[in-house]
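Peer 1: what would the 3D arrangement of this be:
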Amino acid sequence: MIGRPGVIHITPGNASDVKTAPAVLAKAPGRVRRLIADKGYDADWLRQDLREQGVQVVIPGTRARKRKIRLDKRRYRDRWRVEAVFCRLKDFRRLATRYDKLARNFASALAIAALIAFWC
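Peer 2: Residues are numbered from 1 along each chain as shown. As a prediction, the model looks like this:
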């Protein structure tokens, strides 16, 4: 079974994943126990902040990293759930092609699609 989206946060297309991570995590309902993310979130400062908050970090390191990061591959296998959510949302043509010019309109369409896809 795939997961349900817990947070909807719209960012510009050219925004870095790692720079938007604190804003997304601040919106998360409840306490975040584990963060499973892709290489776009690989930053020492983010890892340190999350560890200080007691969050288990499961993020693979980039190739350019001088010091290799040990990855818990067993836990990282659950990343497919995140990608499955994106795939399911992109089944909605309006979201996949981004017809909306305003972010608030796109966010509304995204919320409606999430309701239909995951709660109906």
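
Peer 1: from the contact counts, what lies against the longest helix along the chain?
Peer 2: Ordering each helix of the chain by length in residues (DSSP state H) puts helix 103-119 first. Packing partners of helix 103-119 (3 or more C-beta pairs under 8 Å, 6 or more residues apart in numbering; DSSP states H and E): helix 80-89, helix 93-97. (Glycine included, C-beta is placed from N, CA and C.)

Peer 1: what residues does the last one touch?
Peer 2: The list of residues contacting helix 93-97 from outside it, by C-beta atoms under 8 Å, 6 or more residues apart in numbering, reads 89, 90, 100, 106, 109, 110, 113.

Peer 1: return the members of those classed as buried.
Peer 2: 89, 106, 109, 110, 113 (16 or more other C-beta atoms under 10 Å).

Peer 1: sort the contacts of helix 93-97 by pLDDT and name the bottom one.
Peer 2: Lowest-confidence member of the contacts of helix 93-97: residue 100, scoring 88 (pLDDT).

Peer 1: how is this protein carved up into domains?
Peer 2: 17-78, 90-120 (automatic domain parsing).

Peer 1: buried sites along the last one?
Peer 2: Think domain 90-120. 92, 95, 106, 109, 110, 113, 114, 117.

Peer 1: again, but for stretch 37-46
Peer 2: 37, 41, 42, 43, 46.

Peer 1: could you do stretch 9-21 as well?
Peer 2: 17, 18, 20, 21.

Peer 1: ok, which pair from those is furthest apart?
Peer 2: Spatial extent of the buried residues of stretch 9-21 (C-beta to C-beta) is set by the pair 18 and 20 at 7.6 Å.

Peer 1: remind me which residues of the chain are low pLDDT?
Peer 2: 1-2, 120 (pLDDT under 70).

Peer 1: switch the cut-off to 50
Peer 2: Counting by pLDDT under 50, the chain has low-confidence residues at 1.

Peer 1: so the residue nearest to residue 88 when sequence neighbours are not counted versus residue 89, what's the distance?
Peer 2: Spatial nearest neighbour of residue 88, chain neighbours left out: residue 117 (5.1 Å); criterion: C-beta to C-beta, 6 or more residues apart in numbering. In this view, residue 117 and residue 89 are 6 Å apart by C-beta to C-beta, to the nearest Å.
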